[in-house]
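In: the following comprises the amino acid sequence and a computationally predicted model.
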Amino acid sequence: MRHFVAAGFAVVVGACQNNGASNLPVNPGGGGGGGIGMHDDGGVDASDAGGTQLRVCMLTDPRGLNDCAMTGVAGLMVTLGSGSAAPTATTADDGSFTMQLSSGSFTWSVVDPTGTLIVPTIMPASGGSIIPVITQLAYSSLQTANSVSPDPSSADVFLRVDAGAVPLQGVSVVSSLPPSPYVAFYDGSSNAKWTDGTTTGAATGAKGTMWLPDLPTTSGSATITFVTSGDAPQQMVTVPIQPGTITMCFTDAS
């Protein structure tokens, strides 16, 4: 992270990063299932000729960004970067896929060719070796439970804040640029009804995740400023956003 001083207070500039939440096995609990490797250089690592095994994590609980369905994830299209030369892959039933990676900073994109299963999702490739996605049904339920009206021209950001790969409680949003028409929402005791920012003391719970819905997408990016405690320096992370798409991000505040 980078530090600078603005308006009389310190600000820590971060990015979507790898963390323990990204280091999930493709077949947890089963025999012979290999672990998904993590990338340590803040970008995508070069891989051998056989490609690198990664995973789309279809969330069973959107709060932690790492509770994955083990079946029913087949047929999603994953793209690394953009343009006609961008590599693509198709997920297996558990969400796993293999792709030949190259060095650099790219953005993952995951879509359902049928347009029915998941909400289109992007995530900076430095964010780890799993890509969380949410089903359209689960996302609609989340919007309804939290009185968020869908806006297909806007974007949503789910940001998990860790401290050394452990979800960080007590993190609160200071601002987002562009601003959301809603307050930030935070993981709480229910996977459907989240804690909204109007609640006294609202902040991330045990899973360290915040949700910012309906961000305007004109600029193509969003900068989220948050604080981990009342006397800590403010921290900020900038992520790509696209219309009708969810951006997933893990960041480490330690």
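Out: Thanks, I have the structure now. The shown structure was predicted, so the numbers you read here are calculated from the model rather than taken from an experiment. Numbers count the residues shown, from 1 in each chain.
In: pLDDT score assigned to the residue nearest to residue 173 when sequence neighbours are not counted?
Out: Closest residue in space to residue 173, ignoring its immediate chain neighbours: residue 184 at 3.9 Å, by CB to CB, 6 or more residues apart in numbering. C-beta: built from backbone N, CA, C; applies to glycine. According to the prediction, residue 184 has pLDDT 96.
In: so residue 184 versus residue 150, what's the distance?
Out: Separation of residue 184 from residue 150 (CB to CB, to the nearest Å): 18 Å.
In: burial check on residue 240, number of neighbours?
Out: Residue 240 has 19 neighbouring residues, counting by other CB atoms under 10 Å.
In: hmm, residue 221 and it touching each other?
Out: Yes. Applying CB atoms under 8 Å, one finds residue 240 in contact with residue 221, separated by 5.5 Å.
In: what residues are shared contacts of the two?
Out: Taking CB atoms under 8 Å, 6 or more residues apart in numbering as the criterion, residue 240 and residue 221 do not both touch any residue.
In: looking at residue 184 and residue 150, which is more packed in?
Out: The neighbour comparison of residue 184 against residue 150 (other CB under 10 Å) goes to residue 184, with 27 against 13.
In: in the protein, which spans are helices?
Out: Assigned by DSSP state H, the helices in the chain fall at 136-145.
In: just for it, where's the confidence low?
Out: 1-15, 17-50, 127 (pLDDT under 70).
In: apply 80 and report the result again.
Out: Scanning the chain for pLDDT under 80 picks out 1-15, 17-50, 102-105, 126-128, 230-231.
In: which phi and psi does the closest residue to residue 62 other than its chain neighbours have?
Out: Nearest non-adjacent residue to residue 62, counting by CB to CB, 6+ apart: residue 134, 5.6 Å away. Backbone torsions for residue 134, taken as degrees, to the nearest 10, come to phi -120, psi 140.
In: what residues are up against residue 134?
Out: 58, 59, 62, 118, 119, 121, 142, 246.
In: good, wrapping up.
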